[in-house]
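Peer 1: Sequence below, structure please.
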Amino acid sequence: MKTLYDVQQLLKQFDIYVYVGKRLWDIEVMALELDHLHKAKLITNDQFIHAKLILTHEHRIEEKHESRGNYRGKAETTNRN
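Peer 2: I've put the predicted structure just below:
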């Protein structure tokens, strides 16, 4: 498991599909779902750790994008004056 896509595929095995509309929020919800799967012992510790590391990494990237004003996964709006 190396990418966010891989984490999505892991969740998909349990019929968990996450789409909130904003990539940062999607990552946060995926992390919560992973916590639930791990607590229920449906995934291994290794799967859990790798997936959480990937999500943490992707979350940091998204936070940097937002702090620079680069919003991904959100429709851009125009100002009308």
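
Peer 1: So in the protein, which helix runs the longest?
Peer 2: helix 45-67 (DSSP state H).

Peer 1: who does that one touch, helix- and strand-wise?
Peer 2: Where contact means 3 or more C-beta pairs under 8 Å, 6 or more residues apart in numbering; DSSP states H and E, helix 45-67 is packed against helix 4-12, helix 23-39. Backbone N, C-alpha and C define where each C-beta goes, glycine included.

Peer 1: by how many degrees do it and helix 4-12 diverge?
Peer 2: Put simply, helix 45-67 runs at 130 degrees to helix 4-12, going by axes from the mean of the first three to the mean of the last three C-alpha atoms, to 10 degrees.

Peer 1: okay, the angle between helix 45-67 and helix 23-39?
Peer 2: For helix 45-67 against helix 23-39, the angle by the same axes, to 10 degrees is 160 degrees.

Peer 1: Point to the residue nearest the middle of the chain.
Peer 2: I27 (1.9 Å; C-alpha atoms, centre = their mean).

Peer 1: now it, nearest residue through space, not along the chain?
Peer 2: Among residues not flanking I27 along the chain, H59 sits closest, at 5.0 Å (C-beta to C-beta, 6 or more residues apart in numbering).

Peer 1: ok, the one you found to E33 distance?
Peer 2: Per C-beta to C-beta, to the nearest Å, H59 is found 14 Å from E33.

Peer 1: do Y17 as well
Peer 2: 10 Å.

Peer 1: the more surrounded of the two?
Peer 2: For Y17 versus E33, neighbours defined as other C-beta atoms under 10 Å are more numerous around E33 (18 against 9).

Peer 1: ok, how many other residues are close to the nearest residue to the more buried one once chain neighbours are set aside?
Peer 2: Nearest non-adjacent residue to E33, counting by C-beta to C-beta, 6+ apart: I16, 5.2 Å away. Using other C-beta under 10 Å, I16 is surrounded by 15 other residues.

Peer 1: same question, K41
Peer 2: Here the count is done by other C-beta under 10 Å, and K41 has 8 residues near it.
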